[in-house]
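# Sequence unavailable; structure follows:
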């Protein structure tokens, strides 16, 4: 097998094995959005108000609205989780082992990114299946069309995780990521409330929410699930993915990190 | 699995085009207009002006005439649906709100809300045939399929008044829950249903004896009971189910007409009033007063497909096949 493919296979397999062996992680990844869906949404029904916004063609319940946002939430947490595991790898020394491979560093990081995206997509589909069991169903074709959107969103959030991991020196610093990345990204987006609701209370917040790259990721998933296409969200999400990936590659540049020299 | 099947049927419903073209005509109370919706494309294709505050709406048997209750114009207007022109007014008494066309296609039974009477008008001679004293604030109107019985419900007296159409006299009055707003005969006329807006119930009567056969309570999860206000309702093919508009609760209830159990509640627009089916009764169009739109429901999957903007405060709805 080609060295590139065998490294891809090895890294993705390692990610998958790590995920499968950590059953608690899989359960935790599902419990989090399910609590939001079944508890938070039940008590928060009035938040959405009554307005039809694209891609919806009629009135929807709040539970229905937040499902795409919760898919994004799964990917966001997964991206950060994979960033956490990179920091752990670095502390344990296994990253050094990986990065001393003769293959280009960008390829190794891309493999890592693909592995974590594949796992988050698996989690999202499991969540969508549970949501469907609770009666929150999308058009059947929407589940298929959502796949490319999930890949873009997964890569974007995974790349963000990579970028963060290149700057975090110690595992203990990860709490900061929670406070300064995950929460602001999630709450200042269209995941829980439509942006026009945000505009009602503050134009500034609305602008921040609109610029937050997590918003196009959620909207891309939302539109795809309902057989619609949101070009603006796609462009914005792809751009953010490219920027995060390039910044992560720069972050992992041997000249900067001092982590093992590439031949 | 059930959810998956239901999802599939919604997609099929969205994709499949109905073999029966048609139009839904909707009265817009605040705009003094009627909007015409194509039942296949689900778009408003025409809007015509009417008298003031149009509410009740129905077609003649051959769909060549449209009757509209122009409440604030104190008239029932007759429109040519081909041109949208008002041909003439019928003498209706004051503040006509709802009416029903007798199966003879000639006599209109009109509820005059402010006068506590039901006016019977001959649409051919344009003359009032009879005026029948009923309870205070009459509103709901129905006529049995054999044409022998007409019903008026009075909102304040809380009664269904049974009118013998031969003699144009009341022959029975039956109490129902608070503020009855709509009446319909079902199952070949053997049952008569009345919705009570404040009572939050549907009362089912045995037509032969005028006795109560069942009372159905409506209760939408997560909505205050005061907001569950049943108004207009329609029966599906073979009268197996009734779809009931629940006013400001913004839901349509699906009631099994055999067991009298509520099977489902469907979210629609704000303050849903009345409704009309398309030709094969595969789709239901509900008028949502406050949100100013019409929600299209796929009857088989019981899912709302789309909400279509119409004029301000849509109220009544009637179907006619494509010309």
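That came through, no problem. Owing to the predicted nature of the structure, the values given are computational and were not obtained by experimental measurement.
# For residue A:205, which non-adjacent residue is closest in space?
Spatial nearest neighbour of residue A:205, excluding adjacent residues (Cβ to Cβ, 6 or more residues apart in numbering or on different chains): residue A:198 at 5.4 Å. All C-beta spots, glycine's among them, are computed from the backbone N, C-alpha and C.
# Look up how far residue A:210 lies from residue A:191.
Separation of residue A:191 from residue A:210 (Cβ to Cβ, to the nearest Å): 13 Å.
# now residue A:20
38 Å.
# Looking at those two, which one has more neighbours?
Set residue A:20 next to residue A:210 and count neighbours by other Cβ atoms under 10 Å in any protein chain shown: residue A:210 wins out with 16 against 11.
# Surely residue A:112 touches residue A:86?
Yes. In this structure, residue A:112 is within contact of residue A:86 by Cβ atoms under 8 Å, at 7.4 Å.
# Could you check which of those two has the larger neighbour count?
Counted by other Cβ under 10 Å, residue A:112 and residue A:86 do not tie: residue A:112 has more neighbours, with 26 against 23.
# How about the residues of the stretch 51-200 of chain A by chain B?
A:52, A:57-61, A:132-133, A:135-141 (Cβ under 8 Å from any Cβ of the partner chain).
# 10 Å instead?
Near chain B, the residues belonging to the stretch 51-200 of chain A are A:51-52, A:56-61, A:64, A:129, A:131-143 when assessed by Cβ under 10 Å from any Cβ of the partner chain.
# So how do I select the buried members of these in ChimeraX?
The buried subset of those, as determined by 16 or more other Cβ atoms under 10 Å in any protein chain shown, is captured in ChimeraX by this line:
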select /A:52,56,57,58,59,60,64,131,132,136,137,138,139,140,141,142,143
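# In helices, which of the residues of the stretch 51-200 of chain A next to chain B fall?
Judged by DSSP state H, those include A:64, A:129, A:131-133, A:140-143 as members of helices.
# Now for these: which two are most distant?
Taking Cβ to Cβ, the two most distant members of these are A:133 and A:141; they sit 19.3 Å apart.
# mind listing what's buried in the helix or strand where residue A:165 lies?
Per DSSP states H and E, residue A:165 falls inside helix A:140-167. Residues of helix A:140-167 classed as buried: A:140-143, A:145-146, A:149-166 (neighbour count, 16+ other Cβ under 10 Å).
# for stretch B:93-105, same thing?
B:93, B:95-102.
# now do stretch A:4-11
Result for stretch A:4-11 [16+ other Cβ under 10 Å]: buried residues A:7-8, A:11.
# Likewise for stretch B:78-93?
B:78-79, B:81, B:84, B:86, B:89-90, B:92-93.
# Now that stretch: average pLDDT?
Mean pLDDT, stretch B:78-93: 93.
# Same check on stretch A:191-202?
85.
# End to end on that stretch, go ahead and measure it.
17 Å (Cα to Cα, to the nearest Å).
# quick one, what contacts residue A:149?
A:68, A:71-72, A:142, A:217-225, A:229-230, A:233-234, A:237 (Cβ atoms under 10 Å, 6 or more residues apart in numbering or on different chains).
# Please apply the same query to residue B:193.
Residue B:193 is in contact with B:140, B:142, B:151, B:160, B:182-187, B:202-205, B:213-214, B:216, B:233, B:235, B:239, B:242, B:244, B:255, B:257, B:260, counting by Cβ under 10 Å, 6+ apart.
# What of residue B:251?
With Cβ under 10 Å, 6+ apart, residue B:251 has these contacts: A:59, B:218, B:220-221, B:223, B:227-228, B:244-245, B:264-268, B:272, B:286.
# measure the residue of the stretch 151-300 of chain B found nearest chain A to residue A:82 for me?
Going by Cβ to the nearest Cβ, chain A is nearest to residue B:267 of the stretch 151-300 of chain B, at 5.1 Å. Separation of residue B:267 from residue A:82 (Cβ to Cβ) stands at 38 Å.
# In terms of neighbours, single out the busier of these two.
Taking neighbours as other Cβ under 10 Å, residue B:267 and residue A:82 compare with residue A:82 leading, 24 against 19.
# which element is that one on?
Using DSSP H and E, residue A:82 falls within helix A:62-92.
# Run through the stretch 101-250 of chain A and note the low-pLDDT ranges.
A:169-174 (pLDDT under 70).
# what about the helices in it?
A:105-133, A:140-167, A:174-177, A:183-187, A:195-201, A:203-211, A:214-225, A:231-251 (DSSP state H, counting those that start in this stretch).
# likewise chain B?
Secondary structure of chain B, counting by DSSP H: helices at B:2-15.
# Provide the partner residues of the residue lying closest to residue B:89 once chain neighbours are set aside in its beta bridges.
Distance criterion Cβ to Cβ, 6+ apart; nearest residue to residue B:89, sequence neighbours excluded, is residue B:75 at 4.0 Å. Assessed by DSSP bridges, residue B:75 has beta-bridge partners residue B:70, residue B:91.
# coming back round to it: and the residue of the stretch 151-300 of chain B closest to chain A, how far is that from residue B:170?
Residue B:267 is 40 Å from residue B:170, where distance means Cβ to Cβ.
# and what of residue A:115?
Distance of residue A:115 to residue B:170, given as Cβ to Cβ: 80 Å.
# more crowded one of the two?
Taking other Cβ under 10 Å, residue A:115 and residue B:170 do not tie; residue A:115 has more neighbours (22 against 16).
# Please list all residues in contact with whatever residue of the stretch 151-263 of chain A ends up closest to chain B.
For the stretch 151-263 of chain A, the residue closest to chain B is residue A:227, as judged by Cβ to the nearest Cβ, at 8.5 Å. Going by Cβ under 10 Å, 6+ apart, residue A:227 touches A:55, A:138-142, A:144-146, B:11, B:14.
# Residue B:168 now?
Taking Cβ under 10 Å, 6+ apart, one finds B:107, B:109, B:118, B:120, B:129-132, B:150 in contact with residue B:168.
# Quick check: the gap between the closest residue to residue B:164 other than its chain neighbours and residue B:149.
Nearest non-adjacent residue to residue B:164, counting by Cβ to Cβ, 6+ apart: residue B:171, 4.9 Å away. Taking Cβ to Cβ as the measure, residue B:171 falls 8 Å from residue B:149.
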